[in-house]
Every structure is written in structure tokens, then in C-alpha cells.
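S.K.: Sequence below, structure please.
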Amino acid sequence: MTYAYKISKQFGTVHNQEKLSVGRRFLLENLEKIDLKHFTKIATNLLRITAAKRSYLALISLRFFITRLFPFDPLREMKSEKFSVSILTSPKDIQILPYSLISILEIYSEELEEIFIVCPKSLELEVAECLEKLTLDRQMALVTDEKIIDTYISENYQFSGSHPKMESIKLCLTELSNSKNMLVADGDTLYLKKRIWKSENHIFLVVAQEYMPEHVNFHREKLNLSCSSGLGFVTHHGLFIKSEINQIHKYWGGMKALASSIDSQYQKGFISGAFPSEWQMYGDWIYEQENFQVALARFDNLGVSRTSLPLANRPDSKQVIQLLDNLKHAVPSLGSLSLHDYK
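M.R.: Sure, this is the predicted structure:
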């Protein structure tokens, strides 16, 4: 059975079983039984071969297999550094937010320093209400999109759309805290398995199935990066190192200049040959920094419809934890679950 089918079966929401080839299904079900350390270099070289090409259907299928050859938690034997977390929330994520928040608190309770919920000003009251039944032993700060833009980009700065606005906001989040590291997470995702994100100069980057040269073209020259690695880093969560984000800002001439570039290039679209992605930019930057020993990790994220889970409106902590426990039982090898139809 596929992950999606197991989840639907566990919660009594079975629809059509996710259609995967026999080969894909076997790989997903047996990854945890394979010693992957010998495959990492092979997988990296294979991905590099695809760097000059767009991720059309044949390449996406090939990359599906290759990206699963990386380990899930390559730094698991090391001591984790502390970090803060920012969870980004939009109107469609309100019902999922309590589950996303507690999923992070459960697996990273020892590592977390500060917790920030980031949302538009218009959602402040609704976010507070959706979390009111949760029993939490940690303080949280609610920060609005508008406050971040006014403080770290430019007062009353207007973006052309929500996508360039959110990309720019993510690149400001390390400024919210004195922490050296900030875990940036989407509020529509449930986090099921722990990783050691950083230990001294050791860090890992999550490798995504998709790879778009247009993303690399946006920042490669500006950041003085040497080559296209073929590695896609566009994921739903990751650890931003404050000092490295500051270096990216510096190369661009400040955060306002970077936000302006992101916004203007978004309006030109993919057809221009250069299209921004905050995740790809950060991943490419870290991958070439000689002061880090960079490991690569597989994504292990599944995207499913929200109807796959029996989500409660304004749940209490017990309801949230029960659902998360059931989910981990149904798919113990899954790293995270995004409640949307794309992956």
C-alpha cells in the first residue's frame, strides 16, 4: 500500500488509492531497510547530470528515484544546535495550524528557543482563537506580515502578489530572534520525524525532487556562485542560519533591494529564464560555502488532500496528539505530511 492509502485507511477516509508504479511503491516502502550511505555520492553526481535540463516528466520520474537515495537524517549521530521556529500561516492554514505547531513542539522540544507564528494582520484574532484550546508549556509570539515588511524591508512596501511577498518575508525571519538558527516551516505541514539540522559546522540540506534552472538563474551571478549543481532545494521547511542569510542580504545590497528583485522577476514569469525561489537561493548558497560540511538529505514529504485527515476546528491538545500518534503509526517512515494536493 502507498503512504496516501495507508493514511486514508487509518482515518477511514479511503478514496482512490494513489497511483504509483510498482517500482516507486517498492522504493517508498523499503527505504528504511537500505543502508544509503554508499549511494549519496552516486546520487549527487546523477542529479548534476540533469542540471542543464528542465524537470520534464521523464526527468521528474528519474529524480524521484535518485533523491530517495539520500539519508533522511545524515547528522543523527551528532549533537543538535538550538534554534527558534517560525510557522507561516495563511487563511487556508488556520484549521491545520494547531496540528502543525504541536507536531514541531513534540519532536523538537529540547532544541527550541523561541516560537513565532507569522500571519497577515487580518488573521491575528482568528489565529489566536484557533490555538486557544491548546495546553502549551511554551510562550509564543504572534508576528504579522505587515510588521515584518515595515521593519525589515520598507515601511508600507507593496508587493505585486502573495508569492513574492511570502518569499521575501521568509528571508527576514532570522531577524525576529537572537537565535543563530531559525527553522522556517509552512503552517499546512505536519512534521512527523526528527532530524538533527545543524551541529557546529555540520549542516544538511533537504533535496527536493523538482529542479528548475530558472530558479538558479535568478541568483547565481548575483551571489557569485560557481556552478549549477542539479540539486533542487525547494521544500516546505528548512533551517536558515542567521549569519548566512545576512550575507545573502549583503550581496544583494540589502533586504529591500532583494525584495524588489524578487517582486519584479515574479512579474516577468518563468518565460524570462530567471525566476526567484528563496529555498533554492539559500540551498545553493550554503552548498558552496567552504566553512560548512554540507550533507544532503531526502525530503520524505507527502502531499495529500485535506480530506484525508479528520481535522477538528479549534482542537484541544489531546485531539491533536491523538491524530499525530495515529498518523505516525500508519506511516512510521514518513518525514512530513503536507495537506495540499501538490508535492
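
S.K.: Need the nearest residue in space to K242, chain neighbours excluded.
M.R.: Excluding the flanking residues, the one nearest K242 by Cβ to Cβ, 6 or more residues apart in numbering is T174, at 4.0 Å. Where C-beta positions appear, they are placed from N, C-alpha and C, glycine not excepted.

S.K.: dump the residue contacts of that neighbour.
M.R.: Neighbouring residues of T174 by Cβ atoms under 8 Å, 6 or more residues apart in numbering: 181-182, 240-242, 245-246.

S.K.: One more pass at 10 Å, please.
M.R.: Contact partners of T174, counting by Cβ atoms under 10 Å, 6 or more residues apart in numbering, are 84, 86, 152, 180-182, 184, 240-246, 249.

S.K.: In strands, which of these appear?
M.R.: The strands, defined by DSSP state E, take in 84, 86, 181-182, 184, 240-241 from the contacts of T174.

S.K.: What are the boundaries of the helices in the chain?
M.R.: 3-11, 22-30, 40-49, 57-67, 97-107, 124-130, 145-152, 162-170, 213-219, 242-252, 255-268, 278-287, 317-330 (DSSP state H).

S.K.: For my notes, please list those helices in a markdown table and give mean neighbour count and mean pLDDT for each entry.
M.R.: Listed next are these as a markdown table, based on neighbours: other Cβ atoms under 10 Å; pLDDT from 0 to 100:
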| stretch | mean neighbour count | mean pLDDT |
| --- | --- | --- |
| helix 3-11 | 19 | 62 |
| helix 22-30 | 13 | 53 |
| helix 40-49 | 15 | 64 |
| helix 57-67 | 16 | 71 |
| helix 97-107 | 23 | 97 |
| helix 124-130 | 15 | 94 |
| helix 145-152 | 18 | 98 |
| helix 162-170 | 20 | 97 |
| helix 213-219 | 22 | 92 |
| helix 242-252 | 16 | 97 |
| helix 255-268 | 18 | 97 |
| helix 278-287 | 23 | 96 |
| helix 317-330 | 16 | 95 |
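
S.K.: a markdown table for these, including distance to R138?
M.R.: Formatted as a markdown table, the helices of the chain follow (distance: least, Cβ to Cβ, whole Å):
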| stretch | distance to R138 |
| --- | --- |
| helix 3-11 | 28 |
| helix 22-30 | 34 |
| helix 40-49 | 35 |
| helix 57-67 | 34 |
| helix 97-107 | 7 |
| helix 124-130 | 16 |
| helix 145-152 | 21 |
| helix 162-170 | 22 |
| helix 213-219 | 35 |
| helix 242-252 | 21 |
| helix 255-268 | 28 |
| helix 278-287 | 26 |
| helix 317-330 | 12 |
